[in-house]
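>>> Sequence first, then the predicted structure, then my questions.
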Amino acid sequence: MSITTKRGDDGDTDLWFGDRASKSSDRVEALGAFDEAKAALGLARALAPDWMKPEILKIQKDLYLVSSELATRRGKAARLKERVGPGHAGWAEGQIARYEKVIQITDWVISGESGPGAALDLATTILRRGERWCVRLQEEGFTGNPDLLIFVNRLSDLIFLMARAADREIEVPG
């Protein structure tokens, strides 16, 4: 089976549950940003120290939940098998607290001290773009899951701290 369906030749793309959207829509822009963030996290995971790789993989998988919600039209979210919930932000907050015990930010950060840190910084900036698109969607009346925006906001903080740990070659105990 080919990945070429020709369904996007008219400028639209498939969403979940048979819906379609313009490839230039804000929803598709948000989806694209989260796809980019997952790819940047894949690069970070390939470069990261072994102790950090499972955490990055978990974040990548959780971002698939974010994408699935964004790809689901209002009224159909109940059909999703799993959604972002308060536990996701709670997990991220716990991880942030863990990192803050050993990482202190005292000055401006210039990316590039290490390969994994730079890849994580790239993922952070892309994730923040995705968050901005989510805010725009809310402003336009997309009343999706409020836990999603909170979780994405926490993830960018967490990934920033993970980058600092990678740059300083500090293993953060679990």
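In hand now; what should we look at? Quick caveat, the model's predicted, so the values are computed rather than measured.
>>> List the buried residues of the helix or strand in which residue 161 is found.
Per DSSP states H and E, residue 161 falls inside helix 146-168. Buried residues in helix 146-168, defined by neighbour count with 16 or more other Cβ atoms under 10 Å: 147-167. Every C-beta, even on glycine, is put in place using the N, C-alpha and C of the backbone.
>>> Same question for stretch 84-92.
Using 16+ other Cβ under 10 Å as the test for burial, stretch 84-92 gives 84, 88-89, 91-92.
>>> Nearest to residue 133 among those residues?
Minimum distance to residue 133 across those is 15.5 Å, recorded for residue 84 (Cβ to Cβ).
>>> just checking, residue 45 is part of a helix?
Yes: Residue 45: assigned to a helix according to DSSP: H, G, I helix; E, B strand; the rest coil.
>>> Correct me if wrong: it contacts residue 55.
No: the criterion here is Cβ atoms under 8 Å, and residue 45 misses it with residue 55 at 9.1 Å.
>>> what helices or strands is the helix of greatest length in the chain leaning on?
Longest helix in the chain by number of residues (criterion: DSSP state H): helix 115-139. Contacts defined by 3 or more Cβ pairs under 8 Å, 6 or more residues apart in numbering; DSSP states H and E place helix 115-139 against helix 26-47, helix 53-70, helix 146-168.
>>> go again using 6 Å as the cut-off
Judged by 3 or more Cβ pairs under 6 Å, 6 or more residues apart in numbering; DSSP states H and E, the packing partners of helix 115-139 are helix 26-47, helix 146-168.
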